[in-house]
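Peer 1: Just the structure for this:
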Amino acid sequence: MRVAIVHDYLMQLGGAERVVQALHELYPEAPIYTSVYSEKIVRTYFPKATVHASFLQKVVGPRTYKHALSLYPSAFESFDLRNYDVVLSSTSSFAKGVITPPEVCHVCYCHTPSRFAWRNHEYIGEKDMSPVTRLILRAILLKLRMWDVLAAKRVDFFVANSKNIARRIQTFYQSESVVIEPPVDISRFHVSDHVNDNFLICSRLIRYKQIDLAIEACNRLKLPLVIIGTGPDEVRLKAMAGPTVRFLNQCTDREVAENMATCRALIFPGDEDFGVTPLEAMASGRPVIALNEGGAKETVIEGVTGMRFKESTVESLMETLTAFNPADFDKDTLLQWAERFSVSNFQARIAAFVDIAAKHHAEKFAKAGYAFPVESTLPGAPIPFPISDLHTGQTFPAFGPRVSAKNCPDQETEDLIRR
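Peer 2: Numbers count the residues shown, from 1 in each chain. Below is the predicted model of the structure:
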């Protein structure tokens, strides 16, 4: 089976890029198509991959690539993907907009529907710009939202990274999706016998992540807080930080793992689409204090893997921090929960889904007079065994539910594909 991987851009290493890493490990012969890439990122994290960039590679740079919003649709539509059986896109914005022939099966792993198109008040609110510039940007985003709807119709099968995102796919694109959570490289993390009093935040410093809530709460309670990360909100956040708040800026993977293993708990104050960082903390044996919104509602189990504060206010977070006791959480339980999201589990579920989707797509076109072979790429290991759901104590299948407007119950994957 000839597979191509498509991703929005390879300019930094975040959760989405780690998904691409896992996909390329699963399909090592697959080339990666992307709008622009950093040679350092590709050389370091994708050394064996054949990477094809769009014309934007010669137009934008590391500081300007996100400013060329209106050019990205043309960039992805310019790729010639006729010579593949399956196109596997990984996207939170433009990659799903590639144009594939009808006989090519397009599976989209959706991290979130395009935030600039569907949550543009939040997106524009982060930018410092004049009223005229803001008005122009709104007009551009309106056109991009229209294109985004058309681009979603080019996808044959959606895979959502959480139930939260599956609901958005249904709302914005009127499409169903199967839930396969993103991978966590639990081998990067370890459990420590030494735990200090510091709370930890590990995040890009961006306004929508609401790190200011944690800083202000720790200021008032005089609690030690370590913040790892950089970003456009850094100056403002440092200005409001009290004496108990410390910034470490950029850290190596080893330093991040050490801080994860020794923190009192991770604070996750934003409304995130999914959020891999809480699972990394759990893989380190540490609980998480998270806002009761978004992906955290699926990964942070109250009283088992952490605590959730109800409202996006300093007072609500302070109340939860005051009630938090690290002794209430069992390291083995945290590790067991994190292992559900391992890279190998993710890869086996993706491979099984892609195999079934491709075969169903081939059968559909065979009936219409087309015929082409589709070989299985499923690894020798079986689909992961059912895992205990800590929410209910019940067992759920390796594949998450296919979510529609009515939130369909779990069914066999083959049945889901054929609906």
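Peer 1: Contacts only, for Met307.
Peer 2: Met307 makes contact with 287-290, 300, 320, 323-324, according to C-beta atoms under 8 Å, 6 or more residues apart in numbering. In this view, the C-beta of every residue, glycine as well, is placed from N, C-alpha and C.
Peer 1: Just the buried ones among those, please.
Peer 2: 287-290, 300, 320, 324 (16 or more other C-beta atoms under 10 Å).
Peer 1: got the CA coordinates for stretch 179-188 in CSV?
Peer 2: Only the C-alpha atoms of stretch 179-188 are listed here, as CSV (Å, rounded to 0.1, in the frame of the first residue of the first chain):
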residue,chain,number,x,y,z
VAL,A,179,-11.6,8.8,18.1
ILE,A,180,-8.0,7.7,18.4
GLU,A,181,-6.1,9.6,21.0
PRO,A,182,-2.6,11.0,20.1
PRO,A,183,0.5,9.2,21.2
VAL,A,184,2.5,9.9,24.3
ASP,A,185,6.2,8.8,24.3
ILE,A,186,6.1,7.4,27.8
SER,A,187,9.6,6.1,27.4
ARG,A,188,10.8,9.7,27.7
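Peer 1: average model confidence for that stretch?
Peer 2: Computed over stretch 179-188, the mean pLDDT rounds to 93.
Peer 1: still on that earlier bit, inside helices: which ones of the contacts of Met307?
Peer 2: Judged by DSSP state H, these include 320, 323 as members of helices.
Peer 1: Residue ranges in the stretch 101-250 of the chain under the pLDDT threshold?
Peer 2: For the stretch 101-250 of the chain, the stretches with pLDDT under 70 are 120-129.
Peer 1: rewinding a little: and the buried ones among the contacts of Met307, which of them are in strands?
Peer 2: 288-290 (DSSP state E).
Peer 1: Turn these into JSON lines, including distance to Val51 and pLDDT.
Peer 2: Formatted as JSON lines, those follow (distance: C-beta to C-beta, whole Å; pLDDT from 0 to 100):
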{"residue": "Val288", "distance to Val51": "34", "pLDDT": "98"}
{"residue": "Ile289", "distance to Val51": "39", "pLDDT": "98"}
{"residue": "Ala290", "distance to Val51": "35", "pLDDT": "98"}
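Peer 1: where does Pro373 land on pLDDT?
Peer 2: At Pro373, pLDDT is 53.
Peer 1: all helices for the stretch 151-300 of the chain, in order.
Peer 2: 163-173, 211-221, 234-240, 253-262, 277-283, 296-299 (DSSP state H, counting those that start in this stretch).
Peer 1: The last one packs against which elements?
Peer 2: Meaning helix 296-299. helix 163-173, helix 277-283, strand 288-291 (3 or more C-beta pairs under 8 Å, 6 or more residues apart in numbering; DSSP states H and E).
Peer 1: Counting by contacts, list what the longest one packs against.
Peer 2: In terms of contacts (3+ C-beta pairs under 8 Å, 6+ apart), helix 163-173 is packed against helix 131-152, strand 157-160, strand 177-179, helix 296-299, strand 402-403.
Peer 1: any idea how this structure splits into domains?
Peer 2: Listed by automatic domain parsing, the domain ranges of the chain are 1-183+342-419, 186-339.
Peer 1: thinking again about what came up before, closest to Ala241 among the ones in strands among the buried ones among the contacts of Met307?
Peer 2: Ile289 (18.3 Å; C-beta to C-beta).
Peer 1: ok, now which ones touch that closest one?
Peer 2: 199, 265-268, 306-309, 317, 320-321, 324.
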